[in-house]
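Engineer: Provide a 3D model corresponding to the input given below.
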Amino acid sequence: MSQKRVFDRYPCELVVTVSQGDVEFTGIANNVSLGGMHIKALDKVEFQSKVSVRFELPDLKTDATIEGIARWVTPDGFGVQFGALKPLYVWALHRYFKRIAPSGEEE
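Structural biologist: All right, here's what the predicted structure looks like:
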């Protein structure tokens, strides 16, 4: 049985700053949805750890900062499931998604 995602993924190349406790590092999100994002980074996070991701969206005057959980970890990066999104971030993400096409990748 095929697993259907709740939210479409959209390919991107967003520079993100990841914070985990007192540690902060930069990575590149290569896909994003309303549910989360995949981040490629040299720095690692632990599975199920709480993280905060900060990134720029074109229609916002300040960076979006979203809390989340590392739901899977690979040698080259990790997937973050977003927590509750502010309505402003939902609006800005939808506007961003209109500029790009959904990804067909299944990770």
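Engineer: For Y96, what is the enclosing helix or strand?
Structural biologist: helix 87-99 (DSSP states H and E).
Engineer: Any chance you could list what contacts that helix?
Structural biologist: Applying Cβ atoms under 8 Å, 6 or more residues apart in numbering, the contact partners of helix 87-99 are 8, 10, 12, 32, 34, 57-60, 64, 66, 85. (Glycine included, C-beta is placed from N, CA and C.)
Engineer: Which pair of those residues spans the longest distance?
Structural biologist: With Cβ to Cβ as the measure, no two of the contacts of helix 87-99 lie farther apart than D8 and L60, at 20.6 Å.
Engineer: What's the per-residue pLDDT of the residue nearest to the spatial centre of the chain here?
Structural biologist: Most central in the chain under Cα atoms, centre = their mean is M37, positioned 2.6 Å from the mean C-alpha point. Looking at M37, its pLDDT is 98.
Engineer: would it count as being in a helix?
Structural biologist: No: under DSSP: H, G, I helix; E, B strand; the rest coil, M37 falls outside any helix and is assigned strand.
Engineer: and the gap between it and V23?
Structural biologist: Noted for M37: a distance of 18 Å to V23, by Cβ to Cβ, to the nearest Å.
Engineer: before we move on, what about H38?
Structural biologist: Counting by Cβ to Cβ - H38 and V23 are separated by 20 Å.
Engineer: D63: what's it in contact with?
Structural biologist: By Cβ under 8 Å, 6+ apart, the contact list for D63 reads 54-57.
Engineer: how near is it to Y10?
Structural biologist: The value you get for D63 to Y10, if Cβ to Cβ is used, is 18 Å.
Engineer: Ok, S19 next?
Structural biologist: 23 Å.
Engineer: Looking at those two, which is more packed in?
Structural biologist: Neighbour tally, S19 and Y10, criterion other Cβ atoms under 10 Å: the higher count belongs to Y10, 19 against 15.
Engineer: Can you name the residues bridging to the more buried one?
Structural biologist: V32 (DSSP bridges).
Engineer: Looks like it contacts M37 (just checking).
Structural biologist: No: if you go by Cβ atoms under 8 Å, Y10 and M37 don't touch, sitting 9.5 Å apart.
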